[in-house]
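[1] Make a model of this:
(one chain, ligands or ions: 2)
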Amino acid sequence: MSDIFAPDAATGRKSFSIPERSELPVFTPNAAVLERNHIVGFNSRNLTSRPFSLLRSQLIKRMRTNGYKIVGITSPAPGAGKSFLSANIAASLSRLPSLKTLAFDLDVRRASLAANFGLTGKGGLEDFLAGGTDDLTKVGCSVAGTNLSLFPCFPNDLETVDLLASDRFAAFVKALKKLPDDTIVIFDMPPVFANDDAMVVATMIDAYLMVVEQGRTSARQITDSMRLLEPAKCIGSVLNRYEGGIGEGIGLGAYDKYSDYYRRDD
Ligand SMILES: Nc1ncnc2c1ncn2[C@@H]1O[C@H](COP(=O)(O)OP(=O)(O)OP(=O)(O)O)[C@@H](O)[C@H]1O
Ligand SMILES: [Mg+2]
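    Ligands and ions are numbered 1, 2, ... in the order given. You can find the predicted model right below:
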């Protein structure tokens, strides 16, 4: 990774370099932690990872068709499963050797990707966003044995709207958009109704995936949030905690009738 370039003479904006996976420290997640947090996307043999493989394929198809690189994952209200889905979709994408996946925790105030993957520390992506460092290799890691680069946030008291509405954040997103076409960037976003953060982020990304929580998200909440996120494009929606889908609480869809299809008897 080259150093940060000098600020643009006309705009004063910096342009940031996005590190290659090989430039990041390697992190090996603990299998028990992943299991406890329901992060199954790395494991193609886990039956519950299958909905994420299907989601992954749909996402890739739609992103390629539209030339999108950055997708945000959001929901109208808190707790719908955005971070759970961001982590699992990123993990599932990262199994594909032909693709580079980068996942960023942009729910800066209620960061949870670090906990989901079992990362501890301080000075994560929030430090970069706040200008504490210009070097993304200091705040990210590459997940061992996968094609995933992970940029978590750690607990902080930052005023996030100031950070996300800044020129700095715009320059960072611009650098992400210049990444090669074999890259998919996932933003774990805040919920739409919590504050302005999701709306601010939505103005800069290519598209968003709307997480709908069975039994809790109302039709009105969905239409209101889609209106608030305009003109950002909704690339699709995920019905989370759907009861009647594949077992053990993941419940993303009704794929259980195919559960024996890949079962091996050996
Ligand atoms: N389908 C699911 N099956 C099992 N656990 C789930 C599922 N969806 C979410 N969870 C769990 O529910 C909790 C809340 O989910 P998560 O943190 O992903 O929500 P969120 O939308 O990111 O919340 P916030 O708005 O606070 O960021 C987590 O402990 C997560 O592991
Ligand atoms: Mg979250």
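
[2] Does the nearest residue to Ser75 once chain neighbours are set aside fall in a helix, a strand, or a coil region?
    Of all residues beyond its chain neighbours, the one nearest Ser75 is Val211 (4.0 Å), with distances taken as C-beta to C-beta, 6 or more residues apart in numbering. Glycine gets a C-beta too; all of them are placed from N, C-alpha and C. Recorded secondary structure, Val211: strand (DSSP: H, G, I helix; E, B strand; the rest coil).

[3] ok, Val211 to Leu102 distance?
    Val211 is 20 Å from Leu102, where distance means C-beta to C-beta, to the nearest Å.

[4] Likewise for Lys233?
    The value you get for Lys233 to Leu102, if C-beta to C-beta is used, is 20 Å.

[5] Tell me which of the two has more neighbours.
    Under the neighbour definition other C-beta atoms under 10 Å, Lys233 and Leu102 were set side by side, and Leu102 has more, 27 against 16.

[6] in the stretch 1-150 of the chain, what residue is nearest ligand 2?
    Ser83 (3.3 Å; C-beta to the ion).

[7] Any idea how many residues pack against that residue?
    By the measure other C-beta under 10 Å, the count of residues near Ser83 is 24.

[8] That one - that's part of a helix, no?
    Yes: counting by three-state DSSP, Ser83 falls inside a helix.

[9] Next, count neighbours for the nearest residue to it once chain neighbours are set aside.
    Of all residues not flanking Ser83 in the chain, Ser112 sits nearest, at 4.3 Å (C-beta to C-beta, 6+ apart). Ser112: 18 surrounding residues under other C-beta under 10 Å.

[10] Could you list the low-confidence segments of the stretch 51-200 of the chain?
    Across the stretch 51-200 of the chain, nothing is flagged by pLDDT under 70.

[11] Now do the helices in it.
    For the stretch 51-200 of the chain, the helices defined by DSSP state H, counting those that start in this stretch cover 82-93, 113-117, 125-129, 160-164, 167-177, 197-202.

[12] Mind pulling up the pLDDT for the residue nearest to Ser75?
    Listed pLDDT for Val211 reads 97.

[13] What's opposite it in the beta bridge?
    Val238 (DSSP bridges).

[14] ok, it - contacts?
    Val211 makes contact with 73-75, 80-82, 85, 237-238, 240 under the criterion C-beta atoms under 8 Å, 6 or more residues apart in numbering.

[15] Throw those into CSV and include neighbour count, thanks.
    Below are the contacts of Val211 laid out as CSV (neighbours: other C-beta atoms under 10 Å):
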residue, neighbour count
Ile73, 27
Thr74, 29
Ser75, 31
Ala80, 24
Gly81, 22
Lys82, 28
Leu85, 23
Ser237, 15
Val238, 23
Asn240, 23
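
[16] Tell me the one of the residues you listed nearest Ser49?
    Leu85 (12.6 Å; C-beta to C-beta).

[17] List the residues that contact that closest one.
    Leu85 touches 55, 73, 209, 211, 238, 240, counting by C-beta under 8 Å, 6+ apart.

[18] what does the protein put close to ligand 1?
    37-38, 75, 78-84, 107, 110, 112, 191, 240-241, 249-251 (C-beta under 6 Å from any ligand atom).

[19] just checking, which of those belong to strands?
    Asn240 (DSSP state E).

[20] ok so, going back, packed most tightly, which of the helices of the stretch 51-200 of the chain would that be?
    Among the helices of the stretch 51-200 of the chain, helix 82-93 has the highest mean neighbour count (mean count of other C-beta atoms under 10 Å), at a mean of 27.

[21] still on that earlier bit, in contact with the residue nearest to Ser83: list those residues for me.
    83, 105, 188.
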